[in-house]
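Asker: please work out how this folds:
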Amino acid sequence: MGRISSILTRIFEKERHEAGERVTWRGQKLQKRQRTAALQDAVARDRTLLFPRGPGVRLSSAALLFVAAQSIAGCSFAQEHTVRPASWDSEDSLTNTAPRAKMINVRDYGAIGDGKALDTDAIQRAIDECGDKAVRGTVVFPAGTYLSKPIFLRSHLTLELEKGAILKATDEPGDFDDPKAQKGVIAFINGNNLTNIFIDGKGTIDGSGERWWPPVKEAKKNGQPEPRRRPRMIVFSKCKEVAIQGVTLQNSPGFHLVPTDCEDVVINRITVRAPADSPNTDAIDPSACKRVLIANCVLDVGDDNIALKSGHSVAGRSAACEDITVVSCTFLNGHGMSIGSETVGGVRNLGVTNCTFRGTVSGLRIKSHRGRGGLVENISYRDIKMTDVKIPINITSYYPKIPKEDTTQPITPETPIYRNIRISNLTATSLQSAGFIVGLPECVVSNVMLENVSISAPAGLTVRNAKEIHTKNVKIEASKGEAFLMENASVQRAESGD
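Answerer: I've put the predicted structure just below:
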């Protein structure tokens, strides 16, 4: 069984177990396209299905959205490359029921769970006992608050946080010092070069960021660097087959969930939250990752809700960050659905579908700048609803601010290049402006399609240093000024009512 399908198998098995029911999909075998269409049709109704020749499985909308992702991503290039099961040809690929090696309760290994005693050693012993076995083991956290220093995961492992369980990080800065790097820090939960990792349950992982944020705010206020680096909550580095489902992540000192150089990642039905003014508390930041699904998540933080990053190239890939699907997510406080600002390694084949934004700073955002840019292409946003978003469309080759004027500079390998972007079926109300599509004088944004877009805002859409901007059935209602504010740009309107 290959790639990401094995992750979904575990999710399916758990959902079937919780539902306690067996259902049969009766009828003849479906061809690939017929099967995909049936699954896509089931997404909206959350129907119960079963793959032929397998045991009954009650699939949630998240699972169905995954297997139908290539059909709902929104455009042909995304359909071809979007995350999908590794093998449609193997009908048994989603029905593997390999036994678990062990199921260990952390309390049986000495964890107290009172929020006062340090449970680090007990938790790590349980992980070490379960992980790196021939078959997967599970470490269970029952209800309670488990105070811990950083922990290190193993391959073939499930962490299951039951309802009422809180895995809480200590807030002593010295606990996160990296012994291998001067002034470096390690994350609260670490996974390096692992395979087959699953974090699941209805519990909470808390980063105890409250102590970390005030010094950062004070430093920024005074124009000073941060007093010390902050740890991230969860970092997976060079891992394969990673799944996170159901849990709540909250109050990280910095970024919450950071898969880096990973392949085949499923993030399903999680909540990530931190105060709106908590600095740099990004929710989910896939960095140089391939084949990632983010589905049914609620993201309410102090910085990027999702940010795709590509700070370096990866051997064997045309783009370091590629084949990413985001479906049915809710974006609340935060800076929106972002790409960048590091795009040196390239970003391609992103499909964002059926997402809601309420009160975010930006909606759909691509950000980079000279010296940190690369190729960003084949990006699709479809079926998007925004309410009270400051800047619904924010695509710019400048970061952090767009200058009023600029001159042409030489193109380098680190010049931002944006092309082949589609935004369709978007409705938005804005508190500031319809947004920006702004390239560089030497490297314009190209081939952008806006279709069925309706935005109500105080100011219109600024289009600068851009070509081949196509619109069809686009309505921008600006309280002041023109709907389109143009400079060194061409917009081709398919209908006179744009």
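Asker: to which secondary structure element is residue 122 assigned?
Answerer: helix 120-130 (DSSP states H and E).
Asker: what's that helix packed up against?
Answerer: strand 103-105, strand 137-141, strand 144-148, strand 151-152, strand 157-161 (3 or more Cβ pairs under 8 Å, 6 or more residues apart in numbering; DSSP states H and E). For the C-beta atoms, the positions are set from N, CA and C on the backbone; glycine is no exception.
Asker: now these as a markdown table including mean pLDDT and distance to residue 493?
Answerer: Output for the helices and strands packed on helix 120-130, formatted as a markdown table (pLDDT from 0 to 100; distance: least, Cβ to Cβ, whole Å):
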| stretch | mean pLDDT | distance to residue 493 |
| --- | --- | --- |
| strand 103-105 | 96 | 61 |
| strand 137-141 | 96 | 57 |
| strand 144-148 | 98 | 58 |
| strand 151-152 | 98 | 56 |
| strand 157-161 | 97 | 52 |
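Asker: can these go into CSV with extra columns for mean neighbour count and distance to residue 248?
Answerer: CSV is the format used below for these (neighbours: other Cβ atoms under 10 Å; distance: least, Cβ to Cβ, whole Å):
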stretch, mean neighbour count, distance to residue 248
strand 103-105, 15, 21
strand 137-141, 22, 13
strand 144-148, 22, 14
strand 151-152, 18, 18
strand 157-161, 24, 9
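Asker: got TSV for those, with distance to residue 372 too?
Answerer: As requested, the helices and strands packed on helix 120-130 are exported to TSV (distance: least, Cβ to Cβ, whole Å):
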stretch	distance to residue 372
strand 103-105	44
strand 137-141	39
strand 144-148	35
strand 151-152	31
strand 157-161	35
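Asker: do you know which of those strands lies nearest residue 409?
Answerer: strand 151-152 (44.9 Å; Cβ to Cβ).
Asker: the closest one pairs with which strands?
Answerer: Under the criterion DSSP bridges, strand 151-152 sits next to strand 189-192 (parallel) in its sheet.
Asker: low-confidence ranges in the stretch 351-498 of the chain?
Answerer: 495-498 (pLDDT under 70).
Asker: in the helix holding residue 122, what counts as buried?
Answerer: Going by neighbour count (16 or more other Cβ atoms under 10 Å), the buried part of helix 120-130 is 120, 122, 123, 124, 125, 126, 127, 129, 130.
Asker: tell me how far it lies from the chain's centre.
Answerer: In this view, helix 120-130 has its centroid 28 Å away from the chain centroid, taken as Cα atoms, centre = their mean, to the nearest Å.
Asker: break this structure into its domains for me.
Answerer: Here the domain parsing of the chain from automatic domain parsing is 5-81, 101-281, 285-498.
Asker: partner strands of the strand ranked longest in the chain, with direction?
Answerer: Secondary structure of the chain per DSSP state E: the longest strand is strand 461-478. Note on strand 461-478: by DSSP bridges, its sheet partners are strand 435-438 (parallel), strand 445-457 (parallel), strand 484-493 (parallel).
Asker: most neighbours per residue, which of those?
Answerer: Of all the strands paired with strand 461-478, strand 435-438 carries the top mean neighbour count, a mean of 25, counting by mean count of other Cβ atoms under 10 Å.
Asker: wait, residue 147 touches residue 172, no?
Answerer: No. The criterion here is Cβ atoms under 8 Å, and residue 147 misses it with residue 172 at 10.8 Å.
Asker: returning to that earlier point: tell me which of the helices and strands packed on helix 120-130 approaches residue 219 most closely.
Answerer: When those are compared (using Cβ to Cβ), the closest one is strand 144-148, at 27.5 Å.
Asker: sheet-wise, list the partners of that closest one with their directions.
Answerer: Applying DSSP bridges to the sheet, strand 144-148 is found paired with strand 114-118 (parallel), strand 165-169 (parallel).
Asker: now, of those strands, which is deepest in the fold?
Answerer: Mean neighbour counts for the strands paired with strand 144-148 (mean count of other Cβ under 10 Å) peak at strand 165-169, with a mean of 22.
Asker: gap between that one and the chain center?
Answerer: 22 Å.
Asker: what does it rub up against?
Answerer: 113, 115, 123, 141-150, 161, 188, 201, 203-208, 231, 233 (Cβ atoms under 8 Å, 6 or more residues apart in numbering).
Asker: again, but for stretch 103-110
Answerer: 113, 119, 121-123, 125-126, 129-130, 137-142, 144, 146.
Asker: make it 6 Å
Answerer: By Cβ atoms under 6 Å, 6 or more residues apart in numbering, the list of residues contacting stretch 103-110 from outside reads 122, 123, 125, 126, 130, 138, 139, 140, 141.
Asker: and the second one, what's its pLDDT?
Answerer: When you say that, I think you mean residue 123. Reported pLDDT at residue 123 in the predicted model: 98.
Asker: quick one, what contacts it?
Answerer: Counting by Cβ under 6 Å, 6+ apart, residue 123 has contacts 106, 148, 151.
Asker: show me where the stretch 301-450 of the chain has its strands.
Answerer: For the stretch 301-450 of the chain, the strands defined by DSSP state E, counting those that start in this stretch occupy 306-308, 321-327, 330-331, 337-339, 347-358, 362-367, 375-389, 391-396, 417-430, 435-438, 445-457.
Asker: who does the third one pair up with?
Answerer: It stands for strand 330-331. Strand pairing for strand 330-331, determined by DSSP bridges: strand 298-300 (parallel), strand 347-358 (parallel).
Asker: buried set for stretch 350-370?
Answerer: Quick answer for stretch 350-370 (16+ other Cβ under 10 Å): 350-355, 357, 359-370.
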